[in-house]
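# Provided below are the primary sequence and the corresponding predicted coordinates.
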Amino acid sequence: MPELPEVQILVNKLGPRLERARIQAIEVRDRKIKLRQNVVGRRILRVWRRGKNIIFDLSGRLHLLVHLRMTGWFEFAEPKRYRVAIRTGKGTVYFEDGRRFGVMQVVTPAELQLALSALGPDPIADGCDLSQLRKTSRPVKVALLDQRLVAGVGNIYASESLWRARINPRRRADQLRPEKVRALERAVVVSLRKAIKYGPRIFEVQRFAVYERAGRPCRRCGTIIRRIVQAQRSTYFCAKCQR
DNA sequence: AACGTACCCTGCCGGC
DNA sequence: TGCCGGCAGGGTACGT
């Protein structure tokens, strides 16, 4: 499910409930998840994110590094099924993940550094810098999904940002004019910020400009929104606004 | 090096 | 109602 905005919303929810809490027990219900070190007895110092990664800083120089992938999420209320339960002095948090693509691992500071160093700039934490787009000949929509170029944009906000910047998703990334790259940088920030502000409500009735709106009119010009497939994922766009 | 494709899993939804 | 194919907002391991 989650892209940068959803991860940010989740981190905002986790922080106040877990920071300074001591881990009393960890229950791993899925053999696909292997925690290399025992973290029971450590405190959760901070919960933060980088791109779509969630990092729990623990006392004693260790981190819990989590990627939600498609369906991962954390809940305080016990769900029907969950992969991991983290029990703390301030309550239990459950890692649920229907498709089981998500990743949870215990890492050292060096390993964390290595993992995060592979990511491009984070548009919210660092400000949006898409200068790396000039280095690839792939379609700009596909390039936006590459976390090494920019960290946190996923399939929804790639389409949304390109609509906002009036760029055709099929255009080669390295052929964008500099002013179009700047427009896209602004559009990415606006799209992500807006989603963070709306919170989970953005998934309710029609808050998206183009995503999942194939066959419906463009909010700007009324042209019917099209759906195409790029790199095995859906792309939505307005062929008139986005030349 | 950089690009495309197959694959990892499960649940849901529409059509028959 | 029940089954089946298609689809899903992510990333990686390969092959070329």
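Yep, that arrived.
# Stretch A:230-243 close to DNA strand B?
Yes: Stretch A:230-243 lies within reach of DNA strand B by Cβ under 7 Å from any atom of the strand, at A:231-232. (Glycine included, C-beta is placed from N, CA and C.)
# So which residues make contact with that stretch?
Here stretch A:230-243 makes contact (Cβ atoms under 8 Å, 6 or more residues apart in numbering) with A:139, A:141-142, A:145, A:155, A:158-159, A:162-163, A:166-170, A:210-214, A:218, A:220-221, A:223, A:225-229.
# could you list every residue that touches the closest residue to DNA strand B within chain A?
Per Cβ to the nearest atom of the strand, A:Arg99 is where chain A lies closest to DNA strand B, at 3.2 Å. Contacts here follow Cβ under 8 Å, 6+ apart; on that basis A:Arg99 touches A:69-71.
# A:Gly41 touches A:Ala21, doesn't it?
No: the criterion here is Cβ atoms under 8 Å, and A:Gly41 misses it with A:Ala21 at 12.0 Å.
# mind checking the SS state of the spatially closest residue to A:Glu27 that is not a sequence neighbour?
Excluding the flanking residues, the one nearest A:Glu27 by Cβ to Cβ, 6 or more residues apart in numbering is A:Ala85, at 4.3 Å. Secondary structure, DSSP: H, G, I helix; E, B strand; the rest coil: A:Ala85 is strand.
# which of A:Gly41 and A:Ala21 has more neighbours?
A direct count of neighbours by other Cβ atoms under 10 Å for A:Gly41 and A:Ala21 places A:Ala21 higher, at 17 against 12.
# Counting neighbours, what do you get for the residue in chain A positioned nearest to DNA strand C?
Using Cβ to the nearest atom of the strand, the single residue of chain A nearest to DNA strand C is A:Gly154, 2.1 Å away. Using other Cβ under 10 Å, the number of residues around A:Gly154 comes to 21.
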